[in-house]
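Enquirer: Here is a sequence together with a model predicted from it:
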Amino acid sequence: MTPPELSRPSVADSPHPNPNSAPRVMAADAPFIIVMNAGSGRKQSDETRAALDDILGRAGRKFELRVVADPSQLADTARQAVRDAKAQNAVVVGAGGDGTLCAVAQAVLGSGCAFAVLPRGTFNYFSRDHGIPADPTKSVALLLNARAFPVQVGFVNERMFLVNASLGLYPKLLEDREIYKRQFGRSRLIALWSAAVTLLRPHRHLRLHIQHDGTMHEVRTSTLFVGNNRLQLEQIGIAEAPQLERGLLVAIAPRAIGRLAQLGLTLRGAAGRMSDADNVISFAFKRITVTHPSKRHRPVKVATDGEINWITMPLEFRVAPEPLFLLKPEADVANANRS
């Protein structure tokens, strides 16, 4: 729910384009440079290779596959792919989970190149929200007939995010989830079990100053979560989810509560009823600045699309001034594919 002191801003004059309008015209024979994260799994990598060879090969479309075995090399590989794509008038394609897609997309943003995705993760929120199928055959085939539509991306300081960014308890949940995945495998059930275990452990609350629309507010919370994915926000029941279509981001901050209450709140979110909770602050915004009450420039863990980094406060969450041009189905097909 939205408290009076953090009301929704006016969006009548939003400068951001509707994601379903103004598609970019592309060359019918544009080649593809595909940056694939080998960490997405050997089986998925093999399926992707086979689909590319079969579908793009039969269509006579040129493509180049660049597989990244070392995650630390992903950003550099993506930047080189963009430089080559600009020279060849090519489309840059990210293949992997949301974190991989974000790393490649950050290199593409502002380059003039179109971006496409081959989803290979566990949750695939970004691709699902835009109606891009997880099946390798279908997602590769989509490259041949999709158009490039503008989509909104967010930033926290200089780091981009496609789906969400957060600090506090949520990054800890992600760290613990990766430990469980390495031990027991990648699945949504393992992710949910890991979250329950983490929530039942002791955790510290954050004291944050949030500057929003020229006013400073103090918030005590376990986590600050900023969403840029309508599907994810709708799944947990956040009323402000439609505001994303108007060029805004959505902030969510549970008030300081105990461990059992925190677990109950998570279960409420899993049932799509978080907007009913009295102890949750949520509001839409274009830009907020988050500081510690001490005003110290302290580093904090921030998760962006599942990847955790240390970023020095103050933190500025904002909508990017320009969109990312994403190859995606037409609006009616994309809506039918969202699930």
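Expert: In hand now; what should we look at? Residues are numbered from 1 along each chain as shown.
Enquirer: Surely residue 82 touches residue 108?
Expert: Yes: counting by Cβ atoms under 8 Å, residue 108 is a contact partner of residue 82 at 5.7 Å. Just so you know, the C-beta spots here come from the backbone N, C-alpha and C atoms, and that holds for glycine as well.
Enquirer: any shared contact partners between the two?
Expert: Common contacts of residue 82 and residue 108 (Cβ atoms under 8 Å, 6 or more residues apart in numbering): residue 92.
Enquirer: So residue 58: helix, strand or coil?
Expert: Under DSSP: H, G, I helix; E, B strand; the rest coil, the three-state class of residue 58 is helix.
Enquirer: isn't there a strand covering residue 143?
Expert: No: under the criterion used here (three-state DSSP), residue 143 is helix, not part of a strand.
Enquirer: Would you mind measuring from it to residue 155?
Expert: Applying Cβ to Cβ, to the nearest Å, the value for residue 143 to residue 155 is 27 Å.
Enquirer: so what's the nearest residue to residue 75 once chain neighbours are set aside up against?
Expert: Leaving aside its chain neighbours, residue 75 sits nearest to residue 103 (5.6 Å; criterion: Cβ to Cβ, 6 or more residues apart in numbering). Each residue near residue 103 by Cβ under 8 Å, 6+ apart is listed here: 74-75, 78, 94, 307.
Enquirer: what number of residues lie near the closest residue to residue 242 other than its chain neighbours?
Expert: Distances taken as Cβ to Cβ, 6+ apart place residue 230 nearest to residue 242, at 7.3 Å, with adjacent residues excluded. Taking other Cβ atoms under 10 Å as the criterion, the count of residues near residue 230 is 21.
Enquirer: pretty sure residue 230 is touching residue 246, no?
Expert: No: with contact defined as Cβ under 8 Å, residue 230 and residue 246 do not form a contacting pair (11.2 Å).
Enquirer: Doesn't residue 235 lie inside a strand?
Expert: No: secondary structure assignment places residue 235 outside any strand; it is helix (three-state DSSP).
Enquirer: Going forward, the N-terminal residue is numbered 9.
Expert: Sure, I'll start numbering at 9, so the last one becomes residue 243.
Enquirer: if we can go back for a sec, ChimeraX command for the buried members of the contacts of residue 111?
Expert: Restricted to the buried members of the contacts of residue 111, where burial is judged by 16 or more other Cβ atoms under 10 Å, the ChimeraX selection command reads as follows:
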select :82,86,102,315
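Enquirer: Restricted to strands, list the contacts of residue 111.
Expert: Secondary-structure check on these using DSSP state E: residues within strands are 102, 315.
Enquirer: Adding pLDDT and distance to residue 136, write the contacts of residue 111 out as a markdown table.
Expert: Written out in a markdown table, the entries for the contacts of residue 111 read as follows (pLDDT from 0 to 100; distance: Cβ to Cβ, whole Å):
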| residue | pLDDT | distance to residue 136 |
| --- | --- | --- |
| 82 | 96 | 22 |
| 83 | 96 | 24 |
| 86 | 98 | 22 |
| 102 | 98 | 15 |
| 315 | 91 | 19 |
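Enquirer: what are the ranges of the helices in the stretch 209-347 of the chain?
Expert: 238-244, 267-278, 339-345 (DSSP state H, counting those that start in this stretch).
Enquirer: just flag whichever of those has the lowest average confidence.
Expert: For these, mean pLDDT drops lowest on helix 267-278, to a mean of 51.
Enquirer: May I have the beta-bridge partners of residue 45?
Expert: The bridge-partner assignment for residue 45, based on DSSP bridges, gives residue 76.
Enquirer: So what's the residue count around it?
Expert: The number of residues packed around residue 45, counting by other Cβ under 10 Å, is 25.
Enquirer: My understanding was that it contacts residue 109; is that so?
Expert: No: counting by Cβ under 8 Å, residue 45 sits too far from residue 109 to count as a contact (9.1 Å).
Enquirer: Need the phi and psi values for residue 305.
Expert: Geometry field for residue 305 lists phi and psi as phi -90, psi 80, criterion degrees, to the nearest 10.
Enquirer: Could you report the separation of the closest residue to it other than its chain neighbours from residue 108?
Expert: Taking Cβ to Cβ, 6+ apart, and ignoring the residues beside it in sequence, residue 305 has residue 320 as its nearest neighbour in space, at 5.4 Å. Using Cβ to Cβ, one gets 25 Å for the distance from residue 320 to residue 108.
Enquirer: Which one's more surrounded, the two?
Expert: Of the pair residue 320 and residue 108, residue 108 is the one with more neighbours under other Cβ under 10 Å, namely 28 against 12.
Enquirer: Do I have it right that the more buried one meets residue 46?
Expert: No: the pair residue 108 / residue 46 is not scored as a contact, 10.0 Å apart, by Cβ under 8 Å.
Enquirer: overlap in contacts of those two?
Expert: Residues touching both residue 108 and residue 46 by Cβ under 8 Å, 6+ apart: none at all.
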